[in-house]
Structures are given as C-alpha cells and as structure tokens.
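Chemist: Kindly return the folded structure for what I paste below:
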Amino acid sequence: MTSADRIGPIEIHWGDSPLVLSQPHGGTWLPPEVTAALDETGHTVADTDWWIDRLYAPLAERFRATVVRTPVSRWVIDVNRDPSGASLYPGQATTGLVPTETFDGTPIWRPGAEPDAAEIARRKRLWFEPYHAALAAAVTRTRLRYGFCLLWDCHSIRSRIPRLFDGVLPTFNLGTFDGRSCSPTLRAAAERVLAGTGERFVIDGRFKGGWITRHWGRPAEAVEAVQMELAQAAYMDESPPWTFREEKAERVRAVFATLIETLLQEAGRLHAPGTAR
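Modeler: Okay, here's the model as predicted:
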C-alpha cells in the first residue's frame with residue numbers, strides 16, 4: 001500500500017490494484033458519551049469482527065489492495081446497514097443501524113439511555129457518512145484507474161448464533177445480493193473455487209450482503225461487489241479473549257487468495273476495453 005488518508009476517523013490505505021477491501025466491523029472504539037450509555041454487556045463489544053484487519057493484512061499486501069476501515073465499534077453505528085433504518089432482512093432477526101441488542105438478543109444500553117432520533121442522526125453525520133465517503137473515493141479512483149473495481153466486504157461472525165441461524169454456519173458465506181451486486185460470471189467463478197476447497201460454503205444463504213454490498217455493487221458500472229462472511233471458528237477462538245489462531249488463518253488466507261485472484265481475472269476480462277456485455 002502506497003499511502004494513507006483519513007476522512008474523519010475513517011482510514012483509507014491506498015493501494016495500486018483494482019481490489020478494494022472494506023472492513024466496517026473490525027473497530028472497538030467507543031466515544032465517552034456512548035460508553036456511559038452502554039450497559040455491562042455493551043461494554044464487551046462482543047459482536048465485533050475480531051482480528052479482521054490482521055487476517056486480511058497479508059492479502060492486502062499481496063494484492064496491493066486499497067483498504068477502507070473504521071476504528072468505531074458497530075454498536076456506535078453500523079455502517080453496513082441501510083441509513084434509513086430499514087431492515088436488510090425483513091422478517092428475520094438482525095441488528096439495526098444503531099443496534100439495541102447483541103446478536104443473541106441481549107440488550108446493550110442502560111435503561112432509558114437508548115439513542116433517540118437526534119442522537120442517531122448525529123452518529124450518522126460523524127461516523128456513517130465519512131465511511132461511505134471514503135468508500136466512494138476508493139471505488140471511484142479504482143474504477144477510473146483500472147477500468148473496474150472489485151469491492152470485497154470483509155466480515156466474520158461466530159459460527160453458532162441460534163437467534164440468527166440454525167446449526168453451525170458454513171465456513172465461507174459469500175453474498176452477492178442474489179446475483180445483483182456482481183456479474184453472473186464472477187458469481188459462478190466464486191462457486192467453482194469454493195466448491196474445490198472441501199469446506200462448507202454457501203452463496204447468498206443467510207448472509208446475502210449488507211448495505212455496502214447492495215449499495216456499491218453496480219456491475220453495469222464496472223463495480224463488482226461481494227461480501228465474505230467468515231465463520232470465526234475458521235481462524236480464532238469464538239469466546240473471550242478471542243484468541244487469533246495463525247495456523248488456521250493461513251488456511252483461510254490461501255482460499256481467499258485463490259478466490260480474489262480468480263475474481264480479479266474474471267472482472268478484468270469482463271470489463272476490458274471494447275468487451276461487449
């Protein structure tokens with residue numbers, strides 16, 4: 001990566017390839033006024049995508065990716081939710097733009113301290129809008145420079161959360177918003193790679209892609225977007241102190257490297273100058 005910028009608290013580490021890595025849920029920072037309003041459960045920030053920056057760091061270097069990330073906890077505001085507050089998964093349990101509870105359904109705010117509409121609007125201005133301004137800068141520069149952008153949204157989650165899904169989550173959960181956030185050829189190529197890993201995987205299963213994938217994925221405009229929701233058991237311990245397991249992580253990185261390389265090649269062919277679509 002060649003240089004770094006900030007938009008408010010949001011970090012942009014500029015690369016020199018068509019790949020943009022978005023890391024919206026790796027942050028644990030809580031501003032003092034939010035810390036004061038959270039209850040004991042809230043202070044644990046337990047639904048963090050733990051170690052996501054460490055997991056992807058060698059891949060970012062290998063592929064010379066641009067990385068957009070926030071230090072702010074998703075419990076302050078979730079930059080991967082619809083800013084209107086509408087649910088991305090109507091009829092299913094999920095957390096909102098400003099979560100009121102954990103993935104397990106446990107409240108995170110002290111009684112009477114839940115953020116109101118004015119507070120949510122303040123958080124959108126301070127932390128949501130800068131993240132998407134950073135993504136806009138990264139995606140636009142990348143597409144103009146290389147003719148296309150592959151936006152890979154990096155996520156992880158515990159493999160067992162009965163409130164959200166039955167049983168054990170597959171290791172690799174790729175979201176393409178039911179084929180709308182990326183071209184069919186990329187989705188098919190991803191399926192071939194994942195099928196060859198021997199690991200459990202699903203495409204557009206419980207996690208189809210959040211607001212980032214849905215909003216920024218515009219294949220007709222040469223912006224190909226996918227979300228990777230990784231079961232945390234594949235690279236770390238899923239309970240405090242959330243220990244990172246390097247040997248496991250290396251196996252995950254090997255899969256990701258093949259998948260990213262394949263998608264970059266497919267996108268490059270698809271969006272090459274003069275290619276009819």
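
Chemist: for the stretch 1-150 of the chain, what spans make up the strands?
Modeler: 3-7, 10-14, 19-23, 66-69, 149-157 (DSSP state E, counting those that start in this stretch).

Chemist: Distance to residue 134, mean neighbour count and mean pLDDT added to those, as a markdown table?
Modeler: All C-beta atoms are positioned from the backbone trio N, CA, C, and that covers glycine. Shown next, in a markdown table, are the strands of the stretch 1-150 of the chain (distance: least, Cβ to Cβ, whole Å; neighbours: other Cβ atoms under 10 Å; pLDDT from 0 to 100):
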| stretch | distance to residue 134 | mean neighbour count | mean pLDDT |
| --- | --- | --- | --- |
| strand 3-7 | 5 | 12 | 87 |
| strand 10-14 | 4 | 20 | 96 |
| strand 19-23 | 9 | 25 | 98 |
| strand 66-69 | 5 | 26 | 98 |
| strand 149-157 | 12 | 25 | 98 |
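
Chemist: now those as CSV including distance to residue 113?
Modeler: Below are those laid out as CSV (distance: least, Cβ to Cβ, whole Å):
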stretch, distance to residue 113
strand 3-7, 29
strand 10-14, 26
strand 19-23, 28
strand 66-69, 28
strand 149-157, 26
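
Chemist: Residue 38: which of those strands is closest?
Modeler: strand 149-157 (20.5 Å; Cβ to Cβ).

Chemist: So what are the sheet partners of the helix or strand following the closest one and their directions?
Modeler: Next along the chain after strand 149-157, taking DSSP states H and E as the criterion, comes strand 172-175. Each strand paired with strand 172-175, and its direction, by DSSP bridges: strand 201-203 (parallel), strand 223-231 (antiparallel).
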